[in-house]
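>>> Got a predicted model here, sequence first, then my questions.
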Amino acid sequence: MENKLLRIPSVIEATGLSRSSILAMAKSRGSSFPQPLKIGKRAIAWRSQDIQAWIAELPTIEKGDNNAA
């Protein structure tokens, strides 16, 4: 897997989460969401492999699970 740096629009597309959700999860100490890298004075990015690993670890919805969104 190629390891690219993903800026926020790419992370939004990959995860389906909103910008505010991504930033809140990245800030939260208890969250398993990957931490961003500082790539400039006002720029952050995530490693693509970290985002893909986070997605792979998400639980699946079981049949009959009424808690699905």
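Received it, and whenever you're ready, just let me know what you need.

>>> how about the strands in this structure?
5-6, 37-38, 44-47 (DSSP state E).

>>> okay if I get those as JSON lines plus mean pLDDT?
Shown next, in JSON lines, are the strands of the chain (pLDDT from 0 to 100):
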{"stretch": "strand 5-6", "mean pLDDT": "98"}
{"stretch": "strand 37-38", "mean pLDDT": "97"}
{"stretch": "strand 44-47", "mean pLDDT": "98"}
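
>>> Looking at the ones you listed, spot the one closest to S31.
Nearest of the strands of the chain to S31, taken as Cβ to Cβ: strand 44-47 at 13.2 Å. Placement of C-beta: from N, CA and C, glycine included.

>>> Out of the strands of the chain, which is closest to S28?
Nearest to S28, of the strands of the chain and by Cβ to Cβ, is strand 44-47 at 15.0 Å.

>>> Please list the residues outside the closest one that contact it.
N3, K4, L5, L6, R7, I8, V11, P34, P36, L37, K38, I39 (Cβ atoms under 8 Å, 6 or more residues apart in numbering).

>>> and with 7 Å instead?
N3, L5, L6, R7, V11, P34, P36, L37, K38, I39 (Cβ atoms under 7 Å, 6 or more residues apart in numbering).

>>> What residues does the closest residue to D50 other than its chain neighbours make contact with?
Closest residue in space to D50, ignoring its immediate chain neighbours: P34 at 3.8 Å, by Cβ to Cβ, 6 or more residues apart in numbering. By Cβ under 7 Å, 6+ apart, the contact set of P34 is W46, D50, I51, W54.

>>> ok, now K41?
Contacts of K41 (Cβ under 7 Å, 6+ apart): none.

>>> in this protein, which ranges drop under the pLDDT threshold?
1, 65-69 (pLDDT under 70).

>>> quick one: the helices in it?
8-15, 19-27, 48-56 (DSSP state H).

>>> export those to TSV and tack on mean neighbour count and distance to G64?
Putting these into TSV (neighbours: other Cβ atoms under 10 Å; distance: least, Cβ to Cβ, whole Å) gives the following:
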stretch	mean neighbour count	distance to G64
helix 8-15	15	26
helix 19-27	14	27
helix 48-56	15	24
